[in-house]
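# dropping the sequence and predicted coords here.
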Amino acid sequence: MKSNQFRLDHLAKLVQGQVIGDADLLLEGLASLTQANSNQISFVNSDKYLDEAISSQAGALIVTSEMQAQLNQHNNFIVVQNPYLAFAILTHVFESKTVQRGIEATAVIDPSAMIGDNVYIGHYVVVGPHAVIGSNTVIHSQTKIDEYVEIGEDCFIDSHVTITGRSKIAKRVRIHANTVIGGEGFGFAPYQGKWNRIAQLGSVQIGNDVRIGSNCSIDRGALDDTILHDGVIIDNLVQVAHNVQIGENTAIAAKCGIAGSTVIGKNCILAGACGISGHLKIVDNVTLTGMSMVTGSILEAGTYSSGMGLLENSRWKRTVVRLRQLADVPLTKLVKRIDDMQAQLESIESTLKLRK
Amino acid sequence: MKSNQFRLDHLAKLVQGQVIGDADLLLEGLASLTQANSNQISFVNSDKYLDEAISSQAGALIVTSEMQAQLNQHNNFIVVQNPYLAFAILTHVFESKTVQRGIEATAVIDPSAMIGDNVYIGHYVVVGPHAVIGSNTVIHSQTKIDEYVEIGEDCFIDSHVTITGRSKIAKRVRIHANTVIGGEGFGFAPYQGKWNRIAQLGSVQIGNDVRIGSNCSIDRGALDDTILHDGVIIDNLVQVAHNVQIGENTAIAAKCGIAGSTVIGKNCILAGACGISGHLKIVDNVTLTGMSMVTGSILEAGTYSSGMGLLENSRWKRTVVRLRQLADVPLTKLVKRIDDMQAQLESIESTLKLRK
Amino acid sequence: MKSNQFRLDHLAKLVQGQVIGDADLLLEGLASLTQANSNQISFVNSDKYLDEAISSQAGALIVTSEMQAQLNQHNNFIVVQNPYLAFAILTHVFESKTVQRGIEATAVIDPSAMIGDNVYIGHYVVVGPHAVIGSNTVIHSQTKIDEYVEIGEDCFIDSHVTITGRSKIAKRVRIHANTVIGGEGFGFAPYQGKWNRIAQLGSVQIGNDVRIGSNCSIDRGALDDTILHDGVIIDNLVQVAHNVQIGENTAIAAKCGIAGSTVIGKNCILAGACGISGHLKIVDNVTLTGMSMVTGSILEAGTYSSGMGLLENSRWKRTVVRLRQLADVPLTKLVKRIDDMQAQLESIESTLKLRK
């Protein structure tokens, strides 16, 4: 058995599933239904992929018992309640990991910094005075950990990340490449036609198990801190302005922007490219569909949307012409007028009948 | 008196304000009304924060004289005309600054580069041939100053910034982490189904007191230069394409994008995530609200907007269905028809009355 | 003749054009019509620039024969069919190039990496184990080429780029500063209120002649690869999520975002800041205008748009009020009712006439 091969029953045990078929089957990879070969295991995420499952070359399939009953072309299964979760767990088994430990000789670490055990610090990393880096944390090459920044245990920080502004980062946090944490918030007091910079005195607090994608900007607070609570997950190219607070387990997709001092609740989901104005409150369990434009607080859980969607260009032009006339067309009054006219008409008709 | 403590009368003098209460009171921090303790000073930005001010634990408050009259629960004040401006000024007093000077041994500086007095150049900075860096300028670790780039005096450049394309940067400019100045503009000539790259021969000119946030892209011009005039302030994740010109003191919030060759006037304000097409002209004193979509020139000062705002999802769906019918509903003709019918109705009714 | 001077007939030959005027004229730069001086050559892109051409100080002009006939104020021309293409070609002649070759002593290259001939690898570049870098490829300072990444011949990679996730990059690819290729896709399985990270096992494949701007994020696939086919060009600050596929010669302007598993065809053009949802299919030859919001597949070639465009703020407010009433205004039924009432009215009127 090669090092990257696993028996079907071993994989089933990892996901608390039941084996159907050849428990000894050796599998050496996880693949999509359409790409998998007979040495690989795949998964069926929902009924709409049953056709792909039927024609898949995968050596084994992760399915629900209902799906399994419809896949008699296949012999080897792991049966679970939640195939997607089982798949998520198995990705970690098949991930090729290079575990690096130690501090590269080219890293520049200030003598006053405190470095935990068993860390990896890559080439050309710079760690400033009084910084703290927890045990088992991995920091990839060329990253900058500025003075007084604190990073907890078991974190993963990729290359070219800048962490500054005295940010405090808890445990098991993942920060992807080229992201900036703790940059200066965009605060200026206008006076006599010029912008007077407000030095940003707050910091950033990041909870446990937070995940931040690449090329994000998470600014430090003006006076109080910007706060990402435990379990928040953030995709790429996201802007989080100064003094924003984001509640536990809220998920934010790529290209969202959240303006200053807005407070977002727990378990919210922001689809891609949403824009949220500053100084708003969004309660727990709010879902925003893609490109939503939020200019007021959201005080009730639910799903919210904006945007007109896509139109063929010539139809879009006609639609926009009409849309822009709306300001001059009192729609509800129009409906009222039509109702009134209909009543008038009926009255006239009955008058006419009476006089017949 | 500790090094980070200041007397109330000293702080008042810095903001040209008047002390009421204990002029000798020692203050060691600036905080928001809700977070401040008795060793800290806070400020009241407008009347709507008076309730927070009343219950604040702050040792002293920065207020207008009108506010002061309503805050008899408090004893110590600095009275000014513009509390927000006073706060902005005092942030610089309480900012913890580590003044670094000198050139780190790990910085690679081409012998032909000209470096001013009293600079700081951080670890692993690379400064290319013929670059110029002005006196008192601070360049943080791992930044790249490419050949022929010129940076003036008293600038602040954070980590992982890339400045290339022979950009010329004036005095007191601040550029935050991971921003790219002078990258190649997106210019391609289509020919026979392929894109032929146009080498970008222009540069970037950045005026005095300009501020650029993190993760921004400011491209060099195609032939002429991209120009940011004095006092322009730009937030994070902003795109400024080749040959854009931005007038003095214009403010651009996060996630805006300005396409090629557009010229924006002075004292404009672009809220977050606005998109502006290329080759447009926007005059002075234009304000765009968040997520505005600008596809034509703006020739009159004023405030402009776009977007339908947010709707609860099921209502949004109904709205969009109707919206997409608009192309087939001649709104203004409809109003005309209703007017005509009403006239007809009235004429019928008077006829009926006459015949009574 | 100085090294950066070229004879008019030499330039004409490069673009397969015909000289009119002084073939020996020496030119030392390419400039826009309004900025050019008598030592420079300029080009006229279309008839709408004829006025600028007439008053231009350029020593020579690149024009069509039709344009030339209208420019008798000028003496020296290169006549071609496509002046813009000729301009694109000549930008490469006038570009000041510093050809760097060799590996800087400060670059850290793993002994197992394979480096081609005649490369340039800049200061503080880190090249990981088993990476491959093709001949003539230029990698600027402080860039990170992670383990197992493969880069072909004649590529250009600017500073602070992070290439990871075992990405495979073909020939003549250009990647601008601070871009991240192969970062982890945003994949999480929700379970019991938490987000369970899905390790991303796919990679990124980038074809020949692809161009990617600065501050972009191109994520690695979850199981299969993210794929950019030959000739794709991408501007700055663009998000390409895991498992996206982009067809040959498709152009994507700044600030677009493409969500996971969407497949885009060949020869498409996405203007700036478009957002495309996940798991969609967009066929060949689709053009999206700026800020388009795409939530469904596009199965027919053509131009598509969304957004209401810009309105003066007070008019926008009235428009949005009406727009938000649309959900309660059955537009097409309203038209039907008006038609019905008109019929009724006409019937009443003829009744009245009969009874006269």
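Good, I have the coordinates.

# what pLDDT, on average, does stretch A:339-349 get?
Averaging pLDDT along stretch A:339-349 yields 89.

# brain fart, stretch A:52-67
The average pLDDT within stretch A:52-67 is 97.

# go on, stretch A:150-166?
98.

# span of it from start to end?
With Cα to Cα, to the nearest Å as the measure, the first residue of stretch A:150-166 is 7 Å from its last.

# that stretch near chain B anywhere?
Yes. Against chain B, stretch A:150-166 shows contacts by Cβ under 8 Å from any Cβ of the partner chain at A:160, A:162, A:164. (Each C-beta comes from the backbone N, C-alpha and C, glycine too.)

# ditto for stretch A:120-130
Yes. On the criterion Cβ under 8 Å from any Cβ, stretch A:120-130 is in touch with chain B at A:124, A:126, A:129.

# what sits up against that stretch?
Contact with stretch A:120-130 is made by A:100-104, A:106-110, A:112-113, A:115, A:133, A:137-149, A:159, B:98, B:122-124, B:141-142, B:159, C:108, C:124, C:126, C:142, as judged by Cβ atoms under 8 Å, 6 or more residues apart in numbering or on different chains.

# filter those down to the buried ones.
For those, a burial check counting by 16 or more other Cβ atoms under 10 Å in any protein chain shown picks out A:103-104, A:106-109, A:113, A:115, A:133, A:137-149, A:159, B:122-124, B:141-142, B:159, C:108, C:124, C:126, C:142.

# can you tell me which of the residues you listed are in strands?
Among the buried ones among the contacts of stretch A:120-130, the residues falling in strands (DSSP state E) are A:103, A:108, A:109, A:115, A:133, A:138, A:139, A:144, A:145, C:108, C:126.

# out of the residues of stretch A:120-130 next to chain B, flag the one nearest to chain C.
Proximity of those to chain C (Cβ to the nearest Cβ) peaks at residue A:124, which lies at 5.1 Å.

# let me see the domain layout of chain A.
When chain A is parsed with automatic domain parsing, its domains come out as A:6-94, A:102-304, A:313-354.

# wait, residue A:147 touches residue B:97, no?
No. Between residue A:147 and residue B:97 there is no contact, the gap being 11.0 Å when judged by Cβ atoms under 8 Å.

# for residue A:298, what are its contacts?
Residue A:298 neighbours (Cβ under 8 Å, 6+ apart): A:280, A:281, A:282, A:283, A:286, A:304, B:310.

# switch the ones in strands among the buried ones among the contacts of stretch A:120-130 over to CSV; also include distance to residue A:189 and pLDDT.
Formatted as CSV, those follow (distance: Cβ to Cβ, whole Å; pLDDT from 0 to 100):
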residue, distance to residue A:189, pLDDT
A:103, 43, 98
A:108, 37, 98
A:109, 38, 98
A:115, 40, 98
A:133, 36, 98
A:138, 41, 98
A:139, 37, 98
A:144, 29, 98
A:145, 31, 98
C:108, 45, 98
C:126, 42, 98
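
# isn't residue A:273 up against residue C:274?
No. Residue A:273 is beyond contact range of residue C:274, at 9.3 Å (criterion: Cβ under 8 Å).

# any shared contact partners between these two?
Joint contacts of residue A:273 and residue C:274 (Cβ under 8 Å, 6+ apart) are residue C:257.

# of all the residues in the stretch 251-356 of chain A, which ones are close to chain C?
Residues of the stretch 251-356 of chain A lying near chain C (Cβ under 8 Å from any Cβ): A:251, A:253-255, A:267, A:271-273, A:289-291, A:307-313, A:316-317, A:320, A:323-324, A:326-327, A:329-332, A:334-335, A:338, A:341-342, A:345, A:348-349, A:352.

# what comes up buried for the longest helix belonging to chain A?
Determined from DSSP state H, the single longest helix within chain A is helix A:331-354. Of the residues in helix A:331-354, A:331, A:334, A:335, A:337, A:338, A:341, A:344, A:345, A:348, A:352 count as buried by neighbour count, 16+ other Cβ under 10 Å.

# ok, which pair from those is furthest apart?
Within the buried residues of helix A:331-354, A:331 and A:352 form the most distant pair, 31.6 Å apart (Cβ to Cβ).

# so the helix or strand of chain A with the lowest mean pLDDT versus helix B:331-354, what angle?
Lowest by mean pLDDT, DSSP states H and E among the helices and strands of chain A is helix A:331-354, with a mean of 88. Angle, helix A:331-354 to helix B:331-354, by axes from the mean of the first three to the mean of the last three Cα atoms, to 10 degrees: 30 degrees.

# rewinding a little: do the longest helix of chain A and chain B meet?
Yes. Helix A:331-354 is in contact with chain B by Cβ under 8 Å from any Cβ, via A:334, A:337, A:338, A:341, A:344, A:345, A:348, A:351, A:352.

# what's the closest of those residues to residue C:239?
For those, the nearest to residue C:239 is residue A:334 (42.9 Å; Cβ to Cβ).

# pretty sure that closest one is touching residue B:335, no?
Yes. Assessed by Cβ under 8 Å, residue A:334 is found in contact with residue B:335 at 6.9 Å.

# where's residue A:346 relative to residue C:334, distance?
Counting by Cβ to Cβ, to the nearest Å, the gap between residue A:346 and residue C:334 amounts to 18 Å.

# now residue A:62: closest residue in space that isn't a chain neighbour?
Nearest residue to residue A:62, sequence neighbours excluded (Cβ to Cβ, 6 or more residues apart in numbering or on different chains): residue A:43, at 3.9 Å.

# and that neighbour, what does it touch?
Here residue A:43 is in contact with A:30, A:33, A:61, A:62, A:63, A:83, A:84, A:86, A:87 (Cβ under 8 Å, 6+ apart).

# what's across from the fifth one in the sheet?
This means residue A:63. Applying DSSP bridges to residue A:63 gives these bridge partners: residue A:79.

# what's the burial count for it?
Residue A:63 has 26 neighbours, counted by other Cβ atoms under 10 Å in any protein chain shown.

# same question, the fourth one
The number of residues packed around residue A:62, counting by other Cβ under 10 Å, is 29.

# ok, residue A:295 next?
Counted with other Cβ under 10 Å, residue A:295 comes out at 18.

# and the residue nearest to residue A:23 when sequence neighbours are not counted, what's its pLDDT?
Spatial nearest neighbour of residue A:23, excluding adjacent residues (Cβ to Cβ, 6+ apart): residue A:9 at 3.9 Å. With respect to pLDDT, residue A:9 scores 97.
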